[in-house]
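I would like the atomic coordinates for the input below:
(chains A, B, C and D)
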Number of protein chains: 2
Amino acid sequence: MRIGELARRTGVSERSLRYYEQQGLLTASRTPGGQRDYPEQAVDRVVRIQELFAAGLHSRRIARLLPCMRDADGGPSEIATPLLVTELAAERDRIDRMIAQLANSRAVLDDVIDTASERHP
Amino acid sequence: MRIGELARRTGVSERSLRYYEQQGLLTASRTPGGQRDYPEQAVDRVVRIQELFAAGLHSRRIARLLPCMRDADGGPSEIATPLLVTELAAERDRIDRMIAQLANSRAVLDDVIDTASERHP
DNA sequence: GTAGAAGTTAACATCAGTGTCAGGTTCAAG
DNA sequence: CTTGAACCTGACACTGATGTTAACTTCTAC
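Okay, the predicted model is just below:
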């Protein structure tokens, strides 16, 4: 599929998809005329990339992580090095703390919303 | 307490604390010489602000939200307007989606770490 | 073959919180 | 007093993903 369709199906802008390629997160074959041609699997990959970005990982780390991830159709193509494992464990702990904080903020918002709903029924 | 202590106790830089004040998120009385003097309660407030920032809220919305929050020692000093409630509900839903995504990324990291740990025991 | 939609590269802008530096003032202890 | 740590304001830089624009090319359908 071409970039427009991938953008539409993932909700990620074309600009970002090209950026992902530049950062080594996403590859695409090219048509004879030079246009990008993505495999079906790219949809899942882009969604993962977005999630990892949302989780606060930087593109360089994502680039090292991606080949170690379990593909939809099989095992990973690489095994994470001990150094990468250490880094990822730190990221995981950070994500855990972030989830806890988010739950906290969510509760605060809920409280404010509930309080206001009682007054403005 | 003065700004240095508040920074130390919250883990937030002095630069950021001054920025929070500029954005109307945090107030401080001043010593005769013009230095900021924070009440004990500021520690909690700064922690909340940090959490809301981490949750992706912008300073302007946080500024409108803060007076509607339940204080440590009592009810809120203001009630959220219907407009603000609508906005906060949208933020809450966004946070819910973010938490789900984070859990997903966390699972991916865990899987990569586990797989590598089996190979590098 | 031609029109228009969709794609290409490259460069510059934006956002919002934070880092950092400069030049000056205040505070607390000796 | 004086000295050094702590604080003040103001300005500029950065980060890193994404938006935007420009000038040009390719694809698709008639």
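
burial of whichever residue of chain A sits closest to DNA strand D, as a residue count?
Closest approach between chain A and DNA strand D, counting by CB to the nearest atom of the strand: A:G33, at 2.2 Å. The way it works is simple: take the backbone N, C-alpha and C, and place the C-beta from them, glycine included. Neighbourhood size, A:G33 [other CB atoms under 10 Å in any protein chain shown]: 5.

separation between it and DNA strand C?
8 Å (CB to the nearest atom of the strand, to the nearest Å).

now do A:V46
Using CB to the nearest atom of the strand, A:V46 is found at 14 Å from DNA strand C.

and for A:Q23?
13 Å.

ok, that residue - contacts?
Neighbouring residues of A:Q23 by CB atoms under 8 Å, 6 or more residues apart in numbering or on different chains: A:59-60, A:62-63.

which among those residues count as buried?
A:59, A:62-63 (16 or more other CB atoms under 10 Å in any protein chain shown).

returning to what we had before: and the contacts of A:Q23 as JSON lines, adding pLDDT, secondary structure and distance to A:R2?
What follows is those, written out as JSON lines (pLDDT from 0 to 100; DSSP: H, G, I helix; E, B strand; the rest coil; distance: CB to CB, whole Å):
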{"residue": "A:S59", "pLDDT": "95", "secondary structure": "helix", "distance to A:R2": "23"}
{"residue": "A:R60", "pLDDT": "94", "secondary structure": "helix", "distance to A:R2": "27"}
{"residue": "A:I62", "pLDDT": "96", "secondary structure": "helix", "distance to A:R2": "23"}
{"residue": "A:A63", "pLDDT": "95", "secondary structure": "helix", "distance to A:R2": "23"}
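
in TSV: the buried ones among the contacts of A:Q23, plus distance to B:F53.
What follows is the buried ones among the contacts of A:Q23, written out as TSV (distance: CB to CB, whole Å):
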residue	distance to B:F53
A:S59	22
A:I62	23
A:A63	27
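
filter these by proximity to DNA strand D?
For DNA strand D, the contacts drawn from the buried ones among the contacts of A:Q23 by CB under 7 Å from any atom of the strand are A:S59.

can you list the low-confidence ranges for chain A?
A:73 (pLDDT under 70).

ok, longest helix in chain A?
In chain A, taking DSSP state H as the definition, the longest helix is helix A:82-119.

in it, what's buried?
Under 16+ other CB under 10 Å, the buried positions of helix A:82-119 are A:84-85, A:87-88, A:91-92, A:95, A:98-99, A:101-102, A:104-106, A:108-109, A:112-113, A:115-116.

next to DNA strand D, which bits of chain A? Give me the list.
Proximity of chain A to DNA strand D (CB under 7 Å from any atom of the strand) is limited to residues A:12-13, A:15-16, A:19-20, A:23, A:31-35, A:50, A:53, A:58-59.

what residues are up against A:E40?
Per CB under 8 Å, 6+ apart, neighbours of A:E40: A:M1.

show the backbone phi and psi for it.
Torsion angles at A:E40 (phi, psi; degrees, to the nearest 10) stand at phi -50, psi -40.

which element, helix or strand, includes the residue in chain A positioned nearest to DNA strand C?
Residue nearest to DNA strand C within chain A (CB to the nearest atom of the strand): A:G4, separated by 2.6 Å. Applying DSSP states H and E as the criterion places A:G4 in helix A:3-10.

just to revisit the earlier point, does the longest helix of chain A reach chain B?
Yes: against chain B, helix A:82-119 shows contacts by CB under 8 Å from any CB of the partner chain at A:82, A:84-85, A:88-89, A:91-92, A:95-96, A:98-99, A:101-106, A:108-113, A:115-117, A:119.

same question, stretch A:58-78
Yes: using CB under 8 Å from any CB, we find that stretch A:58-78 touches chain B at A:65, A:68-70, A:75-76.

just the buried residues of those.
By 16+ other CB under 10 Å, the residues of stretch A:58-78 next to chain B give A:65, A:68-69, A:76 as buried.
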